[in-house]
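Student: for reference, the sequence and a predicted model appear below.
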Amino acid sequence: MATSTDTKTNIPDYEYLDVNTNIFHIDAFRSEWLNRLQPSDFSFQEEDQETSDAHFAAEMGISAETMDELKSACSLDSLRCHPEDQPPDPEVVPPDPTLKTLVQRKKKQDHKATLKSSKNRHDLYADELERLTFGTRPEAVTDMIPEGEIILTMNIYYPATFEKFSHVRPHLTLLMTGSHTLAELRDAICCVSDLQVCGEFSNTPDMAPDFISKDHFKSSFFYFEGVFYNDMRYPECQDISITTIEWARDRNFPPYTQAKMEDTRFVDLKVKVGFPYLYCHQGDCEHLVIITDIRLTHKNDCLDKKLYPLLTHKHRVVTTKCAVCHIYIGRWLTTNDQFAPSNPCTFCEKCFRMLHYDTEGEKLGEFQAFPYVDRGAFN
Amino acid sequence: MTTASRRRGEMEPYRAAVTSDCEKLLSRFHETDSVRFQVFSKIWREMNFSQIFYGTVNHQKRAFSRLILDSAYSFFLPPFSFQIRVGGLYLLYSLHQSQTAAPPEQIRLALKDWEDVKKFEKDAMDAQHLDAIYILRQLMLKKAFHFTAMPTHLAFKKLRKKEVPALCEKFIERACRPQEFINNDLLEELSNIHELYGNLKSSVSETSKESSVNLIRQDLIPRLRRTVVDFHNWQHRKGDSEEEEGSGEGASSQQDCSRRAGLIASIKSKAYGEAPEARRSRRHRQVEVDITSSVAGTWKSPAYIRRKIASLRVRTNESLHVSDDMHKGVASASKITHLTSLGFAAEDTPNRLNGGKDRIRVPS
């Protein structure tokens, strides 16, 4: 059900409640905010309390005594729920809770204590990504993000494959600034399909593959609201969106346009927040891209331009281990292998060599071997 | 899922409890009929509300802060009454300062809500509620706001059954749209047109002067006035029976009261005239009134409530028309049809569950 949308101006509003918004231009949205705010509202400087109080008293036309009374009435001390010399422990639920939230929390904690939970080291650290970059300032002033800049939060979802990801669509969350180009976003997306090596190497296992797919197939595009943004930075890049555009033209679709990824900054885009868009690379590896949030910068954000695009979350994938030692991550995949317990089967480098090649490096038995890049390669 | 959305998902079960706690606090504040921060902080201390953050560990702190700030944010915006919005502001301030998350979560202020915030500030200024304005300014000073596009992160989560949380009825601003719509200007315009029309008609038709003019209601405008006044009086009576009226603390309710009083005064002053004297400047005017200009504000459609779609069985039964021959066939059929049917009789609707019991035929 659509609520009222403001198509004339660029004030975002829900197109579908809690799902996504209507289209708006990001730079226009930014100007709308900047027009409404005072520079002090979004500056990174801390304002002085005394000066501000003096201004307030002058503006309201109140005396100093009234001001002091006001300040003490609104002070944070009045919110303190415990005697000053007995600070409670905020890590535990207080006894005899009256608030429903606390009652529920206690119940959950008691229940959790009865369960056996595995300590997952990755989960502990996964949340640290955000904290690391909190409030960092760059050394050089030129690297500082200016006040009034836009920060976008983007979720990149991984392509759906049948075996593992039917329930979970792992993603990557990146923070970008408005003045970054789409090409920079593209470089920040790490997908295992970029690292795949094509070719069968059972006869020549020592030949280090001298190319990976990322170097070989450089074309990619983004699709936002009817425009395909192609990557044209390198001479090998082709326009892979043209196939879709021509197909659509033959079938009475609304016309699509094209633009260059490296020339488009985020502030130039017209997008919907919360709406899925597409990133396609390697010809057929497609990722959903959703912009979940757009806001102005805040003094607590990471203000170092060099650190952007900033990774705030990366899904951790369980890696496939070697079928022999179960310790190392698999680097080779073999098929039709008489030595292997399953078809296909992964081996780590050492076990692969030991099983399939003799001491001179001669191939033993019949099999096909492919270099394997595990999906958890970016963990 | 991202860490953030997974954390938010972990916190979802707490949303109902959090909203209920906030509503409890605000309803106690509402009962005091005051907008003073001291009153609010007294209630806060009595309820030990700071403890709402206790017991969260590690990463849960940020997620919980996010949840409670988002829930409290809704109380700061329309359609709630001015006093509740003041309570919502105090609640946001107190929660923001008492949260245990470090780095602290900020309050997300969406662009579409900015006008409402400004209007709120203006109302508070007009009524000289110094503590409300001071606290709003303090929040801006402490950079407690994130200026965002939307109040929450959106990730295209289309839920099957959207539970629309019902807004607490007591807190919502009393409807004053009838009064706003049928205001003095509108009534004046209407009576002008009415008079002009009557005059035109009677001047054009020479014969039966009254018959065509009688097609329109002569007393439309006085009736409109009476209806609006009655509605207003009914509202007053209903309001008086529930709460104490007019302690003067709610500025916007005061404004509404004065607006309504002004309207009533003007209505009463014109109550004894058939049609008000049209202003000289208006008399020769073209009848080109744009009524929509006097309608106040935009109408926001009510929150989306998903219609319950009838089950497949009901829909099938409604759309399935069994012809007479088939009916006979079905009625005289075997055990299987009796076991599978709900009890068909020629004239009964298929929905009746008890039909089968009455009419089971023993298969021969």
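Tutor: Arrived safely, thanks for sending. Just so you know, these numbers come straight off a predicted model, no measurement behind them.
Student: show the pLDDT at residue 182.
Tutor: Unless you meant another one, I'm taking chain A. pLDDT for residue A:182: 90.
Student: nope, chain B please
Tutor: On the pLDDT scale, residue B:182 gets 74.
Student: list the contacts of it.
Tutor: B:224-225, B:227-228 (C-beta atoms under 8 Å, 6 or more residues apart in numbering or on different chains). C-beta here means a position set from N, CA and C on the backbone, and glycine is covered the same way.
Student: also residue A:295?
Tutor: A:150-151, B:108, B:146-149.
Student: so where does it fall, helix or strand?
Tutor: Assigned by DSSP states H and E, residue A:295 belongs to strand A:285-296.
Student: what pLDDT, on average, does that strand get?
Tutor: 89.
Student: swap in stretch A:158-168?
Tutor: Stretch A:158-168 shows a mean pLDDT of 60.
Student: from residue A:229, how far off is residue A:197?
Tutor: 28 Å (C-beta to C-beta, to the nearest Å).
Student: more neighbours: those two, which one.
Tutor: Between residue A:197 and residue A:229, residue A:229 has the larger neighbour count (other C-beta atoms under 10 Å in any protein chain shown), namely 26 against 16.
Student: quick check, distance from whichever helix or strand the more buried one is part of to the centre of its chain.
Tutor: Residue A:229 is part of strand A:227-230, with elements assigned from DSSP H and E. From the chain centre to the centre of strand A:227-230 is a distance of 21 Å (C-alpha atoms, centre = their mean, to the nearest Å).
Student: and that strand, what other elements does it pack with?
Tutor: Other helices and strands packing on strand A:227-230, by 3 or more C-beta pairs under 8 Å, 6 or more residues apart in numbering or on different chains; DSSP states H and E, are strand A:220-224, strand A:257-260.
Student: are there helices or strands packed against the shortest one, and which ones?
Tutor: In terms of contact count using 3+ C-beta pairs under 8 Å, 6+ apart, strand A:257-260 is assigned the packing partners strand A:227-230.
Student: same thing with the first one?
Tutor: Using 3+ C-beta pairs under 8 Å, 6+ apart as the contact definition, the elements that strand A:220-224 packs against are helix A:182-188, strand A:227-230, strand A:276-281.
Student: nearest to residue B:190, of the helices and strands packed on strand A:227-230?
Tutor: strand A:220-224 (50.2 Å; C-beta to C-beta).
Student: so what's residue A:291 up against?
Tutor: A:152-155, A:271-275, A:277.
Student: circling back to that earlier point, point out the most buried one among the helices and strands packed on strand A:227-230.
Tutor: Highest mean neighbour count among the helices and strands packed on strand A:227-230 (mean count of other C-beta atoms under 10 Å in any protein chain shown): strand A:220-224, with a mean of 23.
Student: the next helix-or-strand element following the strand holding residue A:295 near chain B at all?
Tutor: Using DSSP H and E, the next helix or strand after strand A:285-296 towards the C-terminus is strand A:310-314. Yes - Strand A:310-314 reaches chain B (C-beta under 8 Å from any C-beta of the partner chain) through A:312-313.
Student: skip ahead from strand A:310-314 and say which helix or strand is next.
Tutor: Taking DSSP H and E, what comes next after strand A:310-314 is strand A:332-335.
Student: who does the helix or strand that comes right after that following strand pair up with?
Tutor: Beyond strand A:332-335 in the direction of the C-terminus, DSSP H and E gives the next helix or strand as strand A:345-347. Strand A:345-347 has the following sheet partners, assigned by DSSP bridges: strand A:332-335 (antiparallel).
Student: any stretches of chain B with poor pLDDT?
Tutor: B:1-8, B:159-171, B:173-177, B:180, B:206-216, B:239-308, B:321-338, B:341-364 (pLDDT under 70).
Student: show me where it has strands.
Tutor: Using DSSP state E, the strands of chain B run over B:107-110, B:145-148.
Student: now the strand holding residue A:295, how far from the chain's geometric center?
Tutor: Worked out by C-alpha atoms, centre = their mean, strand A:285-296 lies 8 Å from the chain centre.
Student: and the residue nearest the centre of chain A, how far from residue B:199?
Tutor: Geometric centre of chain A, nearest residue: residue A:173, 1.0 Å, by C-alpha atoms, centre = their mean. Here residue A:173 is placed at a distance of 71 Å from residue B:199 (C-beta to C-beta).
Student: show me what contacts the closest residue to residue B:68 other than its chain neighbours?
Tutor: Nearest residue to residue B:68, sequence neighbours excluded (C-beta to C-beta, 6 or more residues apart in numbering or on different chains): residue B:18, at 5.3 Å. Contacts for residue B:18 (C-beta under 8 Å, 6+ apart) come out as A:101, B:52, B:67-68, B:71.
Student: out of these, which sit inside helices?
Tutor: Among these, the members falling in helices are A:101, B:67-68, B:71 (criterion: DSSP state H).
Student: mind putting those residues in TSV, distance to residue B:96 and neighbour count included?
Tutor: Formatted as TSV, these follow (distance: C-beta to C-beta, whole Å; neighbours: other C-beta atoms under 10 Å in any protein chain shown):
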residue	distance to residue B:96	neighbour count
A:101	17	27
B:67	13	22
B:68	10	26
B:71	13	21
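Student: let me know the closest of the residues you listed to residue A:253.
Tutor: residue B:67 (41.5 Å).
Student: just the contacts of residue B:18 now: which is nearest residue A:355?
Tutor: residue B:67 (53.1 Å).
Student: the residue nearest to the closest one when sequence neighbours are not counted and residue A:280, how far apart?
Tutor: Once flanking residues are discounted, residue B:67 sits nearest to residue B:11: 4.7 Å by C-beta to C-beta, 6+ apart. Applying C-beta to C-beta, the value for residue B:11 to residue A:280 is 34 Å.
Student: could you do residue A:289 as well?
Tutor: 10 Å.
Student: quick one, which of the two is more surrounded?
Tutor: Applying other C-beta under 10 Å to residue A:289 and residue A:280 shows that residue A:289 carries more neighbours, namely 23 against 19.
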